[in-house]
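S.K.: based on what follows, work out the 3D shape:
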Amino acid sequence: MSLKETLAFHFLKETNLSLETLFKREKPLPPTSPFKEYPLAPKFPLKIKEFPCTESLFSILAKRRSKRNYRRIPFTSEEIALLCWAVQGVTARSGPYYLRTAPSAGALYPIETYLVINYAVELTPGLYHLNVREFSLELCKEGFFGNLLRELTLGQYFFASASVVFLWTAVLRRTLAKYDERGLRYIFLDCAHICQNLLLACEALGMKACPVGAFFDEEINTFLEIDGEEETILYLATVGK
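M.R.: Okay, the predicted model is just below:
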């Protein structure tokens, strides 16, 4: 097989922009809600007393490495809050838009953040959803899911010892309704911006982190109880000490 025969190459070519294609659109998708919330779930407000003093950004960039060996040390609620703020904290408002720490194409923010908390001081182990507008965690299901995530990530052992696992999904319609198929490129970029924020925040706070792209998609979608069509898993990252 040649490179030109791959689905990846075909996708890139089909989503190229040119003067000929700039104003040609597929049948537009109806938009969807810019926020996802679990109104019936127990909520845990995230609070930050003050931002800690850290090394310079360039020192943090120089030290950043993917690290996988963790000691099952419980995180405090404020440590989790700092990580969540770095990931998708609201930094300004512009009309209906909640502008955040990471950029997003068209300020559409298609990425949803879930956390599997394995070891924490004040929060029970379980699956949580980050409510961006309220800056709170919504408890979706209780339980220790570190071993399950290890199985669903092709046996990567460090998921069971990580204190927190971040899981990012994409609500595809938020971006595709405006940008058509090319919007998928933007969704992947949005998710990468968010993950890098987490990695740098972890380095600044003396934590370890590792991004992971190898996992069983449909099984994790099932675990998150999302349909894999309107919303689907994109990326994971483990965090520990």
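
S.K.: max-length helix in this protein?
M.R.: helix 183-204 (DSSP state H).

S.K.: show the subsequent helix or strand relative to that one.
M.R.: As assigned by DSSP states H and E, the chain's next helix or strand after helix 183-204 is strand 208-212.

S.K.: which residues touch the next helix or strand after that next one?
M.R.: As assigned by DSSP H and E, the chain's next helix or strand after strand 208-212 is helix 217-224. For helix 217-224, the surrounding residues in contact (Cβ atoms under 8 Å, 6 or more residues apart in numbering) are 114, 127, 140, 145, 148, 152, 167, 169, 227-228, 231-233, 236. Backbone N, C-alpha and C define where each C-beta goes, glycine included.

S.K.: C-terminal to helix 217-224, what's the next element?
M.R.: Going down the chain from helix 217-224, the next helix or strand is strand 231-240, by DSSP H and E.

S.K.: isn't A107 up against G95?
M.R.: No. In this structure A107 lies outside contact range of G95 using Cβ atoms under 8 Å: 9.4 Å.

S.K.: can I get the contacts of helix 217-224 in JSON lines with distance to T101?
M.R.: JSON lines is the format used below for the contacts of helix 217-224 (distance: Cβ to Cβ, whole Å):
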{"residue": "Y114", "distance to T101": "17"}
{"residue": "L127", "distance to T101": "23"}
{"residue": "C140", "distance to T101": "23"}
{"residue": "F145", "distance to T101": "26"}
{"residue": "L148", "distance to T101": "29"}
{"residue": "L152", "distance to T101": "28"}
{"residue": "L167", "distance to T101": "18"}
{"residue": "T169", "distance to T101": "18"}
{"residue": "D227", "distance to T101": "28"}
{"residue": "G228", "distance to T101": "28"}
{"residue": "E231", "distance to T101": "22"}
{"residue": "T232", "distance to T101": "23"}
{"residue": "I233", "distance to T101": "22"}
{"residue": "L236", "distance to T101": "19"}
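
S.K.: go through those and name the one nearest M207.
M.R.: Set against M207, the nearest of the contacts of helix 217-224 by Cβ to Cβ is L236 (15.9 Å).

S.K.: what number of residues lie near the nearest residue to the closest one once chain neighbours are set aside?
M.R.: Nearest residue to L236, sequence neighbours excluded (Cβ to Cβ, 6 or more residues apart in numbering): V212, at 4.5 Å. Neighbourhood size, V212 [other Cβ atoms under 10 Å]: 21.

S.K.: check F135 too.
M.R.: 17.

S.K.: next one: G206
M.R.: Around G206 sit 10 other residues, with neighbours defined as other Cβ under 10 Å.

S.K.: let me see the backbone angles for it.
M.R.: Dihedral angles of G206 (phi, psi; degrees, to the nearest 10) stand at phi 80, psi 30.

S.K.: low pLDDT regions in this protein?
M.R.: For the chain, the stretches flagged by pLDDT under 70 are 26.

S.K.: tell me the centre residue of it?
M.R.: In the chain, the centroid-proximal residue (Cα atoms, centre = their mean) is W168; its distance is 3.0 Å.
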